[in-house]
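Student: when you get a sec, could you give me coordinates for this:
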Amino acid sequence: MSFKSELYRKSIHIFSSIIPLFYVFSPKNLTLKILIPLALIFIMVEIVRFNINFINRIYIKILRDIIRVQERKRFSGATYLLISSVLVILFYDKSIAVACLLFLTLSDSAAALFGKRFGKIKIYNKTLEGSLAFLLSSLVIVYLIKSLNFITGVSGAITATFVEFTLTNIDDNLSIPIISGFVMWLVNTFLI
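Tutor: Below is the predicted model of the structure:
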């Protein structure tokens, strides 16, 4: 994917920060009343496009500049993002859910853009520079969320960075928030 396409894709990703930011100022029930139907609509669209080739071809043609090759035959990143948003808001404390969703929307974008532009040291399909951008931006997020215990947040930031760097066969829109949120929940529950 070209840097321009990646920039466009990640600008949509960054815009998705509206989900955790909305949740900061809204009750859990209201946030879920909006996200659950939205996620279900996206899932239904995906199922329809998988079963009707004509619709899938139109879908791919419209989104050709931002869709990844693997998303032609599986859920798009946007659908996974909505699913993970529902799950983390449903199961984790607000500060944990907000943090792990911001790791996904902001830190993952920082990693992709920084790594694509400045990355030199390749490991797997990632760059060390991109992963450092992910970690640093995640730590800034942890610092800015005052309601999040710092040690809990740092454990989540490190976990999210590790997940983004290593789990290449699972969509990171699903794995980053769910796994980093789970680790923060564990730390918060048993160590703090």
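
Student: what's the burial count for residue 149?
Tutor: Neighbourhood size, residue 149 [other CB atoms under 10 Å]: 17. To be clear about C-beta, it is placed using only N, CA and C from the backbone, and glycine gets the same treatment.

Student: what segments of the protein are strands?
Tutor: Secondary structure of the chain, counting by DSSP state E: strands at 122-123, 126-127.

Student: return the distance of the lengthiest helix in the chain from the chain's centre.
Tutor: Identified as the longest helix of the chain according to DSSP state H is helix 28-51. Mean-position distance between helix 28-51 and its chain equals 16 Å (CA atoms, centre = their mean, to the nearest Å).

Student: buried sites along that helix?
Tutor: 31-32, 35, 39, 42, 45-46, 49 (16 or more other CB atoms under 10 Å).

Student: repeat for stretch 50-58
Tutor: Buried residues in stretch 50-58 (16+ other CB under 10 Å): residue 56.

Student: restricting to C-alpha, output that stretch in PDB.
Tutor: This file holds the C-alpha atoms of stretch 50-58, laid out as PDB (Å, rounded to 0.1, in the frame of the first residue of the first chain):
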ATOM      1  CA  PHE A  50     -19.400 -12.100   0.800                       C
ATOM      2  CA  ASN A  51     -22.400 -13.800  -0.600                       C
ATOM      3  CA  ILE A  52     -23.200 -11.600  -3.600                       C
ATOM      4  CA  ASN A  53     -20.200 -11.300  -5.800                       C
ATOM      5  CA  PHE A  54     -21.600  -8.300  -7.700                       C
ATOM      6  CA  ILE A  55     -21.900  -6.300  -4.400                       C
ATOM      7  CA  ASN A  56     -18.400  -7.400  -3.300                       C
ATOM      8  CA  ARG A  57     -16.900  -6.100  -6.600                       C
ATOM      9  CA  ILE A  58     -18.600  -2.800  -6.200                       C
END
